[in-house]
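1. Based on what follows, work out the 3D shape:
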Amino acid sequence: MAAQRKEPVRIGLFVGREWSFPPAFIEEVNRRTAETGVIAEYMKVGGTIMNEGVPYRVIVDRISHEVPYYRSYLKNAALQGVKVVNDPFMWTADDKFFGASVVTKLGIASPRTVALPNKDYVPGIVHNESLRNLKFPIDWKALVDAIGGFPCVLKDAHGGGWKEVYVVHSLEELWYRYNTSGLLTMILQEFIKWENYARCMGLAQSDVRVMRYDPNQRFYHPEHEFSPELYDRLYKDTVTICKAFGYDMNTCEFAIRDGVPYAIDFMNPAPDMDVNSLGKNHFEWMVTHMADNMIKLALSGEETRDRYYWGALVAPKAKVGSSGKAGTAKTSAKKAPAKPRKPKEA
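-> The predicted structure is shown next:
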């Protein structure tokens with residue numbers, strides 16, 4: 001009787017309007033299927049039933065920040081035990097002000113940052129009733145002084161892709177830009193006049209591509225040409241940031257002043273992976289290393305829900321008893337002897 005064919009381990013891919021990375025990644029993963037038993041494919045979803053099972057071990061998310069239904073699907077996938085890259089719960093919760101505070105506590109250099117009250121609010125907010133906890137007027141001068149004065153940077157706390165980012169040189173310019181921010185929550189940040197600049201791709205919270213980058217020209221240099229000491233610091237800081245936020249696919253940008261890399265934009269969970277912007281060498285690294293790391297995750301026991309209290313409640317992990325065999329905490333507790341047994345003489 002012929003042996004039953006084993007089902008492949010599946011990696012699903014959510015994509016948007018990018019055309020170079022997704023097919024290259026799928027091709028690279030599937031080129032290795034005979035060796036790994038892992039396949040990658042585009043996902044198709046259209047309405048999701050509560051608590052619905054998911055046929056993927058890993059899902060790579062490149063677009064849910066712009067398609068809210070996908071985010072809901074991915075949260076359910078995490079509930080079912082899927083490793084979602086990136087964690088949709090953290091992605092929903094992060095913001096640049098919180099991030100700046102976290103990395104500073106971690107000992108990573110970062111520009112001084114303040115969060116600003118919103119300019120406008122949703123209908124139903126009555127200013128003299130709903131905003132009783134809010135000081136008015138704002139002491140703009142004190143806030144600017146707190147980050148080192150002008151010039152400084154005004155930007156969306158939840159934005160990306162260099163949208164709604166302004167370098168302002170006076171209170172008048174700051175007020176003008178702030179008054180156009182609408183419902184966005186803006187932050188004000190110290191301007192780092194940099195001599196060099198890096199963008200680092202972090203994968204699986206351990207694998208890093210350090211790249212020299214020109215943010216004005218949006219250009220990746222083919223070689224980074226950083227000193228070994230600066231390279232090591234950029235690598236280490238990128239790993240620390242990705243571990244702190246639980247991101248397995250992220251770019252961290254550093255403005256380098258007086259040899260010190262300042263983390264100025266480091267929460268990019270759907271990072272640029274396009275061959276036309278990265279260039280051939282960086283692109284090929286992204287494709288092969290994403291395949292390496294996603295296959296590794298697919299064959300591991302990692303689950304996104306492992307990070308959360310609710311995850312431990314819906315899927316309690318087996319514990320190892322004194323016999324070395326896995327069992328639930330309750331079973332292991334019953335079988336465990338009160339005292340360690342003395343080994344028998346040979």
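2. Please report the distance of the nearest residue to residue 219 once chain neighbours are set aside from residue 269.
-> The shortest distance from residue 219 to any non-neighbouring residue, by C-beta to C-beta, 6 or more residues apart in numbering, is to residue 213 (7.1 Å). The way it works is simple: take the backbone N, C-alpha and C, and place the C-beta from them, glycine included. For residue 213, the distance to residue 269 (C-beta to C-beta, to the nearest Å) stands at 18 Å.
3. the more surrounded of those two?
-> Legend: neighbour count by other C-beta atoms under 10 Å for residue 213 and residue 269, higher for residue 269 (24 against 20).
4. Look up how far residue 167 lies from residue 215.
-> For residue 215, the distance to residue 167 - C-beta to C-beta - is 12 Å.
5. Oh, that last question was meant for residue 102, not what I typed.
-> Using C-beta to C-beta, residue 102 is found at 24 Å from residue 167.
6. Of those two, which one has the most company?
-> residue 102 (17 against 13).
7. Quick one: residues contacting the more buried one.
-> Contact analysis of residue 102 by C-beta atoms under 8 Å, 6 or more residues apart in numbering lists 244-245.
8. Helix, strand, or coil at it?
-> Secondary structure assignment for residue 102 (DSSP: H, G, I helix; E, B strand; the rest coil): helix.
9. ok, it to residue 96 distance?
-> Distance from residue 102 to residue 96, counting by C-beta to C-beta: 11 Å.
10. same thing with residue 178?
-> Residue 178 is 16 Å from residue 96, by C-beta to C-beta.
11. CA atoms of stretch 234-247 as PDB?
-> What follows is stretch 234-247, C-alpha atoms only, in PDB (Å, rounded to 0.1, in the frame of the first residue of the first chain):
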ATOM      1  CA  LEU A 234      23.200  49.700  13.500                       C
ATOM      2  CA  TYR A 235      22.800  45.900  13.400                       C
ATOM      3  CA  LYS A 236      22.400  45.600  17.100                       C
ATOM      4  CA  ASP A 237      20.000  48.600  17.500                       C
ATOM      5  CA  THR A 238      17.800  47.200  14.600                       C
ATOM      6  CA  VAL A 239      17.600  43.800  16.300                       C
ATOM      7  CA  THR A 240      16.700  45.400  19.600                       C
ATOM      8  CA  ILE A 241      14.000  47.500  18.100                       C
ATOM      9  CA  CYS A 242      12.400  44.600  16.200                       C
ATOM     10  CA  LYS A 243      12.500  42.400  19.300                       C
ATOM     11  CA  ALA A 244      10.900  45.100  21.400                       C
ATOM     12  CA  PHE A 245       7.900  45.500  19.000                       C
ATOM     13  CA  GLY A 246       7.800  41.900  17.900                       C
ATOM     14  CA  TYR A 247       8.200  42.700  14.200                       C
END
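12. tell me the mean pLDDT over it?
-> On average, the pLDDT along stretch 234-247 is 97.
13. Stretch 158-170 too?
-> Averaging pLDDT along stretch 158-170 gives 87.
14. Straight-line length of that stretch, end to end?
-> Start-to-end span of stretch 158-170 (C-alpha to C-alpha, to the nearest Å) is 24 Å.
15. where do the strands sit along the stretch 201-346 of the chain?
-> Under the criterion DSSP state E, counting those that start in this stretch, strands of the stretch 201-346 of the chain are mapped to 207-214, 219-220, 249-257, 260-265, 319-320, 326-327.
16. Any chance of these in a markdown table with distance to residue 137 as columns?
-> A markdown table is the format used below for the strands of the stretch 201-346 of the chain (distance: least, C-beta to C-beta, whole Å):
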| stretch | distance to residue 137 |
| --- | --- |
| strand 207-214 | 39 |
| strand 219-220 | 42 |
| strand 249-257 | 32 |
| strand 260-265 | 29 |
| strand 319-320 | 58 |
| strand 326-327 | 62 |
